[in-house]
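Trainee: model this:
(chains A and B)
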Amino acid sequence: METASDAEIATLIARLAAGERDALRPLWAAVGAELLGICDVILADQEAAEAALEDVFVKIWHNAAGQAQSRYAPRAWLRSIARHHALDLRRAIEAEGGDYDPDGPDLTLPEGPLGDALSLLPRGHGQLIARAYVYGEGYDTLSARMGLRKSQLRPALRVSLLRLREALAQ
Amino acid sequence: MTLVPQISQEHALGAAEYVLGLGDAASRRAFEAELDTSAALRDEVLGWEYDLADLAALCPARAPRTSGVRRLETRLFGAPVREFDKGQSARRVIAGMVLAAGVGLYLLGQIADDTPSSERSQPAQAIVK
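Mentor: Down below sits the predicted model:
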């Protein structure tokens, strides 16, 4: 699977912002698999994830103009749209009593500054932050996983988030 | 010189918790209400989104079905974007080529008309004919 560069993605988003419909398929080809992977993991349902991906691209089409003027990396923007949409869908499913098993395997932290900073956090907090991001696990799930009360985990994890922020700012 | 922080530590942590989805529905709604009124807070959220985005690479990619993009185009534009329509730019290029060819032939005709027939080269005469 070929990986599109940030510059290529930015160009396609700028074309969408200009109303060029024919930029949609190249963007779908460039990042569709990556965004579908995010929806797959969060929703744990391939059919629902495929439908969610279409919703994500509708949002991308309608919001491309705002991103085209943003200083933030386009890939991070696309990932955040996919992730938040999938999380919203999952919360809605859970609120209606739907079943979701968030017990995904432990994650291998990514290489690079973020992975390095996460791996230096104490008490496995790097893994917890990664699980929150990837599986959408909140304080309730994470504290149960750690055998702690939420009132114990939250203050400690917040300290780790501050450390992470400082490490990434350097 | 001391830089005045644009955002409090509490708000920075709130932004991280929001991006990670750590809180419950009520805390998310409360934070979103604050987001509506604070550009600095929105910027902080974007910063966390950017900082954490590499974690998305931990999700295994899967190629979507090709029918998905056609459904998407139908949803957005009423019908799939036809191959012919795939480039407004392609249409512009073709139209430009046709126009250029027309102008070229016209100018060639003008030159031929201005040239005494005895001075016309054989190829030019052939084109005019």
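
Trainee: ok, now how distant is the residue in chain B that chain A sits nearest to from residue B:106?
Mentor: Nearest to chain A in chain B, going by C-beta to the nearest C-beta, is residue B:53, at a distance of 3.6 Å. Every residue, glycine included, has its C-beta placed from N, CA and C. Using C-beta to C-beta, to the nearest Å, one gets 56 Å for the distance from residue B:53 to residue B:106.

Trainee: list the helices and strands the strand or helix carrying residue A:26 packs on?
Mentor: Taking DSSP states H and E as the definition, residue A:26 sits inside helix A:24-43. In terms of contacts (3 or more C-beta pairs under 8 Å, 6 or more residues apart in numbering or on different chains; DSSP states H and E), helix A:24-43 is packed against helix A:6-17, helix A:46-68, helix A:74-95, helix A:125-135, helix B:66-77.

Trainee: hmm, the longest one touching chain B?
Mentor: If I follow you right, that is helix A:46-68. Yes - for a cut-off given as C-beta under 8 Å from any C-beta of the partner chain, helix A:46-68 has contacts with chain B, namely A:46, A:50, A:53-54, A:57-58, A:61.

Trainee: surely residue B:60 and residue A:37 touch.
Mentor: Yes - taking contact to mean C-beta atoms under 8 Å, the distance of 5.2 Å between residue B:60 and residue A:37 places them in contact.

Trainee: tell me the average confidence for stretch A:32-46?
Mentor: Within the predicted structure, the mean pLDDT of stretch A:32-46 is 94.

Trainee: list the contacts of it.
Mentor: Stretch A:32-46 has contacts (C-beta atoms under 8 Å, 6 or more residues apart in numbering or on different chains) with A:1, A:48-50, A:52-53, A:56-57, A:78-79, A:81-83, A:85-87, A:89-90, A:93, A:100-102, A:104, A:134-136, B:56-57, B:59-64, B:68-69.

Trainee: buried subset of those residues as a ChimeraX selection?
Mentor: Entered in ChimeraX, the line below selects the buried ones among these, by 16 or more other C-beta atoms under 10 Å in any protein chain shown:
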select /A:48,49,50,52,53,56,57,78,79,81,82,83,85,86,87,89,90,102,104,134,135,136 /B:56,57,59,61,62,64,68,69
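
Trainee: show me how the record splits chain B into domains.
Mentor: Here the domain parsing of chain B from automatic domain parsing is B:9-58, B:66-128.
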